[in-house]
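In: Got a predicted structure plus its sequence, pasted below:
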Protein chains: 2
Amino acid sequence: MALVVQKYGGTSVGTTDRIKNVAKRIIKTYEAGNEVVVVVSAMSGETNKLVALANDMVDIPDNREYDVVVATGEQVTIGLLSMYLKSLGYKAKSYMGWQVPIITDSTFSKARIESIDDTRMRADLKAGNIVVVAGFQGMDKDGNLTTLGRGGSDTSAVALAAALKADVCEIYTDVDGVYTTDPNVCKEARKVEKVSYDEMLELASLGAKVLQIRSVEFAKKFNVDIHVRSSLNENTGTMVTREDKDMEGILVSGVAYDKNEAKIAVLGVPDKPGIAAQILTPLSDAAISVDMIVQNVSHDGLTDFTFTVTKADLKKALLITNEAAKEIQAQEVQSDENISKISIVGLGMRSHAGVATRMFSVLAKNNINIGMISTSEIKVSVVIDEKYTELAVRVLHEEFGLQG
Amino acid sequence: MALVVQKYGGTSVGTTDRIKNVAKRIIKTYEAGNEVVVVVSAMSGETNKLVALANDMVDIPDNREYDVVVATGEQVTIGLLSMYLKSLGYKAKSYMGWQVPIITDSTFSKARIESIDDTRMRADLKAGNIVVVAGFQGMDKDGNLTTLGRGGSDTSAVALAAALKADVCEIYTDVDGVYTTDPNVCKEARKVEKVSYDEMLELASLGAKVLQIRSVEFAKKFNVDIHVRSSLNENTGTMVTREDKDMEGILVSGVAYDKNEAKIAVLGVPDKPGIAAQILTPLSDAAISVDMIVQNVSHDGLTDFTFTVTKADLKKALLITNEAAKEIQAQEVQSDENISKISIVGLGMRSHAGVATRMFSVLAKNNINIGMISTSEIKVSVVIDEKYTELAVRVLHEEFGLQG
């Protein structure tokens, strides 16, 4: 008997009929003698509808109240799924985040899970229940409802798997697993059998939408095996797991792109120590994540400071950056939404030089201009004009022999 | 400085624009130096949509999970209203039932409030917050979410007013107050200035949709003055309050009708002691309220047993009654949804005989057949064919001089 955590995303539970299909899969796992904990997202489209309502009320919604509104999507799904399981004669029980409880910090809309009390769930599992938990949501120490940010249901699932010491965490999605790149962009994309936490971490943070980045961090920290697979078939998907020797031989394991970022450039900044902190601190105080950061060499005591944020944060980030720019007497703040980030990822980069150079060369050969560059031990990212996204992905996929 | 509890129903918060209007009224009360606790319903139509989703999943939804689904409607409203109040520079904080907490029993879908802890709300009021509470919902002692049944937000408001010892509980609705009868049915209907708890209790239980019955019970028990008024204008509405001498002089203060009940008749029941209990106990075990009950005299040792339930409960009630009928060897179970209950209510009936006779006579004069009769100290109800509803209301309104 194993303990299995299954997570179903918004598309998998997008209609009442699809919820019924998900129930069948859950029952199959349960009937095979496993204990099953299910984590579900909001029905697809619901979260967007709730966000639209909030934006209809106010330009920049208060984060605490925003969470109260958007968390209702997952709540509806757990109720519907549980009542269906019960109607088929199974014992099932829905849990909201506060009922588990899943305790988070108080960073509303982007909260981090701090602890999970598994006492109630364990008792319900022992009594033969299928436990159905709302993804994406938690509660802070003061009893406020919190949410984990978009895609947070993956993190809920992995965190629950870690707390329960589950044997596996199955993340069901509308794709078969992790691909060398987006098959919609590149026909030669190939499903990967297994991928290391670190590679997945880079791929996730780079816009591969299969898993939310924090869920992978969690999995790595607590050694949770994640099986990414499709809710539409029985195919084996991709295992996200500990690094092994096979993986190191691969130079580049995937090409990722992200059209979801926007660039903010603070121009003509007096080049004094502490500028970066003065610009970035108010942003992090507002819980806005900054991704790539570039500061060019200065001319005549002036420098340019450029960074990227998600498009969703752009409005708020611009307000804050304009304030900061005034204080540090910068000349101008510009922003650009028409950008795209292209990245190559691979454990093999650690031991092989020249990978970045090959990437820049092939882009240059195709007349794609590079705006910003950022590297880590196992990835290289560049920002380019959004319209070259697909071309860049295809030429890099070919260059590094990912078609298999 | 007074403490005011205001409750806004689904129509008053039916769109984001209407929520903004409600906010203006709240701010006006707050700016006048009052402490304000606001109770809101789901945006109109939302609860029906959630109920439809549940019914799409299963025929008879599990009550615990049904509550989890339908409680989301109110949660959305408190978030939207609170974020709007905050965007205008006011301190506001939303509360779900479990956050107050409002503790109820565990009768899911029809829970009764047992206690309210006002500690957190008081602290927030003291700190200058407008407190925004989700109506209709609570939490039982085991941490399960519960709901109070349709219209339960009125009860939430009155219960909060009682717990906080509020100076007044204002119930905002889409009508001006309590009328002698439904103005849509009878043009001569007149707004009543004040009405006693007992009269309102009868009117509410008889289908006058202004206030939920349990909210009036609560108000009577804890002596909460309810001001029923319109959210569309500044008119004074109707005070629901303690009985006084003026009220006793009025023979009939209102005519009510209810098309929301259905009749179940158990025919050919062997007339033995304990039959009524055998039929009704399983219904009350399933938390189905039975309203009118009639048992006719027996012939040849057989009798007929007839009662009414809400149309919403009919399906479930029929299943249960058929079971019970088999056990007591009754001959047949019939049901009829095309009925209507017409009632007259007035404190004056206590001291005046003949009111019921006048009612029956005027109905007979208009060829309206009476199917069932039920009386209390201050009301007489009859069940008639649904199609005569409007006619019956008009002739009774005239007979008892309610046009003023």
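Out: Good, I have the coordinates.
In: Now do the strands for the stretch 201-350 of chain A: every range, in order, please.
Out: Along the stretch 201-350 of chain A, counting by DSSP state E, counting those that start in this stretch, strands occupy A:226-230, A:238-241, A:254-258, A:261-270, A:293-295, A:302-310, A:332-336, A:339-345.
In: So for B:R25, which of the ones you listed sits nearest?
Out: B:R25 sits nearest to strand A:302-310 of all these, at 37.2 Å, using C-beta to C-beta. (Glycine included, C-beta is placed from N, CA and C.)
In: Can you name the residues in contact with that closest one?
Out: With contacts defined as C-beta atoms under 8 Å, 6 or more residues apart in numbering or on different chains, strand A:302-310 is touched by A:260-271, A:275-276, A:279-280, A:283, A:288-297, A:317, A:330-331, A:339, A:341, A:372, A:383.
In: try 7 Å this time
Out: Outside strand A:302-310, the residues that touch it by C-beta atoms under 7 Å, 6 or more residues apart in numbering or on different chains are A:260-271, A:275-276, A:279, A:288-296, A:317, A:372, A:383.
In: who in chain A is up against chain B?
Out: Within reach of chain B by C-beta under 7 Å from any C-beta of the partner chain, chain A has these residues: A:16, A:19, A:50, A:53-54, A:56-58, A:61-62, A:65-66, A:68-69, A:72, A:75-76, A:78-80, A:82-84, A:86-87, A:94, A:98-99, A:143.
In: coming back round to it: considering the strands of the stretch 201-350 of chain A, which stretch scores lowest in mean pLDDT?
Out: Mean pLDDT across the strands of the stretch 201-350 of chain A is lowest at strand A:293-295; the value there is a mean of 86.
In: what about the residue nearest to A:G135 when sequence neighbours are not counted, is that helix, strand or coil?
Out: Spatial nearest neighbour of A:G135, chain neighbours left out: A:S153 (2.7 Å); criterion: C-beta to C-beta, 6 or more residues apart in numbering or on different chains. Secondary structure, DSSP: H, G, I helix; E, B strand; the rest coil: A:S153 is helix.
In: Worst mean pLDDT across the helices and strands of chain A, which element?
Out: Lowest on mean pLDDT, DSSP states H and E among the helices and strands of chain A sits helix A:245-248, with a mean of 77.
In: buried sites along that helix?
Out: Residues of helix A:245-248 classed as buried: A:M247 (neighbour count, 16 or more other C-beta atoms under 10 Å in any protein chain shown).
In: ok, whatever residue of the stretch 201-350 of chain A ends up closest to chain B - contacts?
Out: In the stretch 201-350 of chain A, the residue that lies nearest chain B is A:K316 (13.5 Å; C-beta to the nearest C-beta). Going by C-beta under 7 Å, 6+ apart, A:K316 touches A:I60, A:A286, A:I288.
In: Just the buried residues of those.
Out: Buried members of the contacts of A:K316, scored by 16+ other C-beta under 10 Å, are A:I288.
In: Make JSON lines from the contacts of A:K316 and add pLDDT to it.
Out: JSON lines is the format used below for the contacts of A:K316 (pLDDT from 0 to 100):
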{"residue": "A:I60", "pLDDT": "92"}
{"residue": "A:A286", "pLDDT": "90"}
{"residue": "A:I288", "pLDDT": "91"}
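In: Narrow the contacts of A:K316 to those in helices?
Out: Among the contacts of A:K316, no residue falls in helices (DSSP state H).
In: Closest to B:A161 out of the contacts of A:K316?
Out: Here the nearest of the contacts of A:K316 to B:A161, counting by C-beta to C-beta, is A:I60; it sits at 33.7 Å.
In: For the closest residue to that closest one other than its chain neighbours, give me the pLDDT.
Out: Among residues not flanking A:I60 along the chain, A:K316 sits closest, at 5.8 Å (C-beta to C-beta, 6+ apart). Note for A:K316: predicted pLDDT of 95.
In: same question, the one 3 residues further on
Out: Among the per-residue scores, A:L319 shows a pLDDT of 96.
In: Count the residues that sit near it.
Out: A:L319 has 13 neighbouring residues, counting by other C-beta atoms under 10 Å in any protein chain shown.
In: now swap in A:D385 and tell me
Out: 15.
In: Surely A:R358 is in a helix?
Out: Yes - applying three-state DSSP, one finds A:R358 inside a helix.
In: how much space between the closest residue to it other than its chain neighbours and A:A353?
Out: Nearest residue to A:R358 in three dimensions, chain neighbours excluded: A:E399, at 6.4 Å (C-beta to C-beta, 6+ apart). Separation of A:E399 from A:A353 (C-beta to C-beta, to the nearest Å): 16 Å.
In: likewise A:L363?
Out: Counting by C-beta to C-beta, the separation of A:L363 from A:A353 is 18 Å.
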